[in-house]
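In: Build me a model:
(chains A and B)
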Amino acid sequence: MPESTSSSNKPDPAQQTPQPVTAIPALAQAARERKTVRGPSVLERIRHTHPRSSRIPDAIFAVLILLTAASVFAIVVFVLWELFDKSRLSLHQFGLHFFFGHDWDPVNDQYGAMPFIYGTLMSSFLALLLAVPLSIGVAVYVTEMCPQRLRSIISFLVELLAAIPSVIYGLWAIFVLAPLLRDYIQPFLAKVLGWTGFFSGPIYGLGMLAAGIILAIMIVPIVASITREVLAAVPQNQREAVLALGATRWEMIRMGVLRNARIGIVGAVILGLGRALGETMAVTMVIGNRPEVSKSLFAPGYTMASVIANEFSEATGDMYLSALVEIGLALFLVTLIVNAMARLLVWSITGGSGGRARA
Amino acid sequence: MPSLSPGAVTRPLSMWRRAMNHGATLFAICAAILVIVPLMAIFIYLLIMGVGSINWAFLTQTPKPVGEAGGGMANAIVGSAVILAIGSLIGIPVGIGCGIYLAEYARGRFGDIVRFTADVLNGVPSIVIGISVYGLIVIRQKHFSGFSGGVALAIMMVPTVARATEEMLLMVPNNVREAALGLGIPKWRTVLSITLRTASAGVITGCMLAFARVAGETAPLLFTAFGNQFWNLNPNQPTAALPLQIYTYAISPFDEWHKQAWAGSLILIIMIVSAVAAVRIATSRGMMKGAS
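Out: Numbers count the residues shown, from 1 in each chain, chains lettered A, B, ... in the order given. Here you go, the predicted structure:
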């Protein structure tokens, strides 16, 4: 295994130089090389023959480093504890009914999170529906089809999309996307697809549809860049083999590339889902912020993250605050499960450290 | 597979297969265009709407009350700088330390756990980090502060910095370590002055990316730094931040404030994009040659 990775790296430079030498391919490379890099035996032997005088500083340094590593673990535990602790009141009061109740009534201290859960799931689902085909399309275009020169430009632009802060997405969505939806797209959808019930009712511009679209734009870079990494990891001879059998380029991509990379792509999609579930600002700015469950995508909604953003600093009363923290807890647990699942999937492909921490 | 007749190789492709091939190419091109369009639209709008509102007053004055023209976001720009400085001071050392642990020390279970937790932490919604830091610092101090905002941003920086550091350190060839250790240099010195130094360009890149990522974060600051309409350099007081100010202005009903929100966004995006582009140029100029 180590032999094969190092020998397959040799011919790479010629092929890689025109590619953008970003952190990402470089890191992916490192991920693949991890197994070869680690050879503790020699290092361990040298360390044990070191003079006694360096043992103490070494030990201190090792402890310091261990502490910083442990602090990451501690942060997650602390976040979890903090959420549990602060939401104890509402956990006791409402139990599981909290997640199925439809009433969100701070005046009478009645709290049910159903509208928010629905809003979060619906907007994320809508975002995936729009973003996944697009991201896979971009990734396939960049890795398999496009001219060398365009390749670095497109991947740079997609990366740039990831660098835009969500508040700017929100600003743009309020003043550009929402009017566009209101004046052109929604009337058209209502006319053509109004009979389905998903595109009916009064047209505001702001609402579930706007939230889904802006979320889709925001998760495309994540899904696209991980998919690109996964596609690039498919060995070149797979492609050559399929082409040699007389496949067209599309058949080669479908049978030789996408089929081999499918688990990684699923991982990328789930990572995108994790981001969409937790996204706060842009969604808060365009979703309309009304706690209702409505079938129509034109109607305003509310998500778990936006209810926290909007009401947390104004929450009066312990129960109100506690209910909001419980929503935060639910959000944390859901994103934790989703991310863990995605990591395991991506890890199973790239062998250890793929799907790195990214912006 | 049925055996092919000699003519099969030269026989033209069936209509269907050719159509599928062209259709797929067309779809991929359309997807690429569709993804780039919003990016272009956002930048063009930022330029059109923002440039008109940026002037000297915007960069040097504090916000004016509603209804009065003029005013600026100077306090928010400086506040952002303060919060980001606090965040970087805490987040980058911890992140690098964690990365060193993962690359140089971790053996077996605990390393995997830390690596996995870092990835999980990276996926925690920023708003959730906001409410936890609120519980940790704001409630105990009984007031909002720029410092708590910095801590929230630091927590968000740690996993990104840690994973980037780890991956860069793993690219340093083992002979470099062996050579240093063979000269009798203690391990801590080897790690800091040899390994980390060799990987420094990549580590700096990771830090810059983490910085650019948290620079635009709004959600964790809502309940920590809170925002402020006045000058404030004391990190123990509520502090204005550029993203917060943009948010407040964007959802307000006043045209004057909308203009300021666009201008603020333009400044924010220029800061972030220049950071990302600087990293990009530095890495493509071959500063990372040793690493990649």
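In: longest helix anywhere in chain B?
Out: Counting residues, the longest helix found in chain B (DSSP state H) is helix B:15-51.
In: Tell me the buried residues in it?
Out: For helix B:15-51, the neighbour count (16 or more other C-beta atoms under 10 Å in any protein chain shown) marks B:20-21, B:24-25, B:27-28, B:31-32, B:34-36, B:38-39, B:42-43, B:45-46, B:49-50 as buried. Where C-beta positions appear, they are placed from N, C-alpha and C, glycine not excepted.
In: Does it reach chain A?
Out: Yes. Using C-beta under 8 Å from any C-beta of the partner chain, helix B:15-51 reaches chain A at B:17-18, B:20-21, B:23-25, B:27-32, B:34-36, B:38-39, B:41-42, B:45-46, B:49.
In: which strands and helices sit next to that helix?
Out: When contacts are defined as 3 or more C-beta pairs under 8 Å, 6 or more residues apart in numbering or on different chains; DSSP states H and E, helix B:15-51 sits against helix A:114-140, helix A:148-163, helix A:166-172, helix A:208-233, helix A:249-251, helix B:255-282.
In: now for the fifth one, which elements pack on it?
Out: Think helix A:249-251. When contacts are defined as 3+ C-beta pairs under 8 Å, 6+ apart, helix A:249-251 packs onto helix B:15-51.
In: now the helix it packs on and helix A:114-140, what's the angle there?
Out: Angle, helix B:15-51 to helix A:114-140, by axes from the mean of the first three to the mean of the last three C-alpha atoms, to 10 degrees: 110 degrees.
In: pLDDT at B:E68, what is it?
Out: We have a pLDDT of 77 for B:E68.
In: Tell me, how many residues neighbour it?
Out: 9 (other C-beta atoms under 10 Å in any protein chain shown).
In: right, and the secondary structure at it would be what?
Out: Secondary structure assignment for B:E68 (DSSP: H, G, I helix; E, B strand; the rest coil): coil.
In: OK, contacts around residue 258?
Out: Since you didn't name a chain, this refers to chain A. Each residue near A:L258 by C-beta atoms under 8 Å, 6 or more residues apart in numbering or on different chains is listed here: A:136, A:140, A:231, A:265.
In: Oops, wrong one, chain B.
Out: Contacts of B:H258 (C-beta under 8 Å, 6+ apart): A:175, B:249-250, B:252.
In: So it versus A:R259, what's the distance?
Out: B:H258 sits 49 Å away from A:R259, taking C-beta to C-beta, to the nearest Å as the criterion.
In: ditto for B:D112
Out: Counting by C-beta to C-beta, the gap from B:D112 to A:R259 is 29 Å.
In: One more: A:F125?
Out: Counting by C-beta to C-beta, the gap from A:F125 to A:R259 is 25 Å.
In: Next: A:V142.
Out: As judged by C-beta to C-beta, A:V142 and A:R259 stand 19 Å apart.
In: So for the two, which residue has more residues nearby?
Out: A:V142 (25 against 12).
In: Let me see the contact set for that one.
Out: A:151, A:154-155, A:224, A:228, B:32.
In: hang on, it in a strand?
Out: No. Counting by three-state DSSP, A:V142 is not part of a strand but helix.
In: pLDDT wise, what is it at?
Out: 93.
In: ditto for A:Q186
Out: pLDDT, A:Q186: 90.
In: what about it, which helix or strand?
Out: Using DSSP states H and E, A:Q186 maps to helix A:186-193.
In: Which positions within that helix qualify as buried?
Out: Neighbour-count burial for helix A:186-193 flags A:186, A:189-190 (criterion: 16+ other C-beta under 10 Å).
In: before we move on, what about stretch A:228-242?
Out: Quick answer for stretch A:228-242 (16+ other C-beta under 10 Å): A:228-234, A:238-239, A:242.
In: now for the residues you listed, which pair is the farthest apart?
Out: A:E229 and A:V242 (20.7 Å; C-beta to C-beta).
In: pLDDT averaged over stretch B:101-121 - what is it?
Out: Rounded mean pLDDT across stretch B:101-121 is 87.
In: Quick check: chain neighbours aside, which residue is closest to A:R290?
Out: A:P300 (4.3 Å; C-beta to C-beta, 6 or more residues apart in numbering or on different chains).
In: From chain B, how far off is the one you found?
Out: 14 Å (C-beta to the nearest C-beta, to the nearest Å).
In: Now do the same contact list for the closest residue to A:W250 other than its chain neighbours.
Out: Nearest residue to A:W250, sequence neighbours excluded (C-beta to C-beta, 6+ apart): B:A24, at 3.9 Å. With contacts defined as C-beta under 8 Å, 6+ apart, B:A24 is in contact with A:249-250, A:253-254.
In: Could I get the contacting residues of the spatially closest residue to B:E217 that is not a sequence neighbour?
Out: The spatial neighbour of B:E217 that comes closest, neighbours along the chain excluded (C-beta to C-beta, 6+ apart), is B:S126 at 5.6 Å. Each residue near B:S126 by C-beta under 8 Å, 6+ apart is listed here: A:278, A:280, B:152, B:156, B:217, B:219-220.
In: Nearest the geometric middle of chain B, what residue?
Out: The centroid of chain B falls nearest to B:R213 when counting by C-alpha atoms, centre = their mean (1.4 Å).
In: what helices or strands is the host helix or strand of it leaning on?
Out: If you go by DSSP H and E, B:R213 is part of helix B:200-215. Packing partners of helix B:200-215 (3+ C-beta pairs under 8 Å, 6+ apart): helix A:23-37, helix B:74-100, helix B:146-171, helix B:255-282.
In: how far off helix B:255-282 does it point, in degrees?
Out: Taking the same axes, to 10 degrees, one finds that helix B:200-215 is oriented at 170 degrees with respect to helix B:255-282.
In: Doesn't A:S200 lie inside a strand?
Out: No. A:S200 is assigned coil when assessed by three-state DSSP, not a strand.
In: returning to that earlier point: got the helices and strands packed on helix B:15-51 as TSV, with distance to A:L344 columns?
Out: Conversion of the helices and strands packed on helix B:15-51 to TSV gives the following (distance: least, C-beta to C-beta, whole Å):
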stretch	distance to A:L344
helix A:114-140	19
helix A:148-163	23
helix A:166-172	27
helix A:208-233	14
helix A:249-251	31
helix B:255-282	30
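In: Tell me which of those lies nearest to A:S306.
Out: helix A:114-140 (7.8 Å).
In: show me what contacts the nearest residue to A:A268 once chain neighbours are set aside?
Out: Residue nearest to A:A268 in three dimensions, not counting chain neighbours: A:I226, with 3.7 Å by C-beta to C-beta, 6+ apart. Residues in contact with A:I226, defined by C-beta under 8 Å, 6+ apart, are A:264, A:267-268, A:271, A:346, A:355.
In: Check the gap between A:E229 and B:E167 for me.
Out: 13 Å.
In: Same question for B:N174.
Out: According to C-beta to C-beta, B:N174 stands 15 Å off from B:E167.
In: Look at these two and report which has more neighbours.
Out: Ranked by neighbour count (other C-beta under 10 Å), B:N174 and B:E167 place B:E167 first, with 29 against 16.
In: confidence score at that one?
Out: 90.
In: right, and B:L170 touches B:I100 too?
Out: No. Contact between B:L170 and B:I100 fails when scored by C-beta atoms under 8 Å: they sit 11.1 Å apart.
In: Can you pull out the low-pLDDT segments for the stretch 51-200 of chain A?
Out: Along the stretch 51-200 of chain A, the model assigns pLDDT under 70 to residues A:51-54.
In: What sits closest to A:Y118 if chain neighbours are left out?
Out: A:V293 (4.9 Å).
In: contacting residues for the one you found?
Out: Contacts of A:V293 by C-beta under 8 Å, 6+ apart are A:102, A:114-115, A:118.
In: List the buried residues for stretch B:47-67?
Out: So stretch B:47-67, judged by 16+ other C-beta under 10 Å, has buried residues B:49-50, B:53-54, B:58, B:62-64.
In: for the residues you listed, which one is nearest chain A?
Out: Set against chain A, the nearest of the buried residues of stretch B:47-67 by C-beta to the nearest C-beta is B:M49 (7.7 Å).
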